[in-house]
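> Model the structure of this input:
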Amino acid sequence: MGKMSANKPRHELDGTDRTILRLLQQDGALSNPKLAEQLSLSVTPCWRRLKRLEDEGYIKDYQANLDRRKLGYDVLAFVSVSFAVHADEAPNRFEEAIRDRPEVLACHKITGAADYLLQVVAENLDGYSDFVENVLRKMPGVHSIQSSLALREIKSSSRLPVPV
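Have a look, this model is predicted:
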């Protein structure tokens with residue numbers, strides 16, 4: 001498992017904790033009173049459990065899931081980036097720069113033929129081309145860039161399966 005916030009010891013999740021996690025993944029705006037009602041708990045014990053799950057790092061943050069197309073992002077690209085040399089600082093500088101790019105939804109250091117896999121959105125192909133030409137190609141040390149454009153989105157979710 002990942003590193004927990006504030007290095008607090010991990011509390012063993014019980015069925016109620018797992019239900020809280022499932023319910024909040026479905027609706028992050030669920031109020032504590034509504035959550036308590038669904039769990040058949042009073043508000044204070046429900047709040048304590050929720051606070052503990054947050055403190056122990058099970059819940060990292062809350063966000064709304066937005067429709068990228070309604071916001072004008074019609075292009076979704078998966079981009080493999082490779083470096084010729086890994087011993088210099090170029091990969092570290094790349095990681096720092098990518099963290100600040102709002103069009104990059106995700107970046108993973110991976111195994112296999114490429115070094116990084118990015119998930120990138122753009123309004124259109126011209127916007128994506130601009131990102132590749134003026135951002136990725138200008139980063140020191142980048143050896144190759146391979147793009148795969150999504151033709152159709154079958155499933156897109158950040159919800160994790162919570163064990164029963």
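> Got the domain ranges for the chain?
13-55, 75-149 (automatic domain parsing).
> thinking Ser131 is in contact with Glu123, fair?
That one is not Ser; residue 131 is Phe. No - checked against CB atoms under 8 Å, the pair Phe131 and Glu123 is beyond contact range at 10.4 Å. Using the backbone N, CA and C atoms, a C-beta is placed for each residue, glycine as well.
> before we move on, the earlier item: with mean pLDDT and mean neighbour count as extra columns, can I get the domains of the chain in JSON lines?
Listed next are these as JSON lines, based on pLDDT from 0 to 100; neighbours: other CB atoms under 10 Å:
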{"stretch": "domain 13-55", "mean pLDDT": "96", "mean neighbour count": "15"}
{"stretch": "domain 75-149", "mean pLDDT": "96", "mean neighbour count": "15"}
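> Next, format these as CSV and append distance to Arg159.
Formatted as CSV, these follow (distance: least, CB to CB, whole Å):
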stretch, distance to Arg159
domain 13-55, 5
domain 75-149, 15
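> wait, which of these is closest to Lys155?
The minimum distance between Lys155 and those falls on domain 75-149, with 12.6 Å, by CB to CB.
> Next, the residue most central in space within the chain: secondary structure please.
Note on the chain: the residue nearest the mean C-alpha position is Ala106, at 5.9 Å, using CA atoms, centre = their mean. Here Ala106 is recorded as strand under DSSP: H, G, I helix; E, B strand; the rest coil.
> Which residue, other than its chain neighbours, is closest to Lys109?
Closest residue to Lys109 apart from its sequence neighbours, by CB to CB, 6 or more residues apart in numbering: Tyr116 at 5.8 Å.
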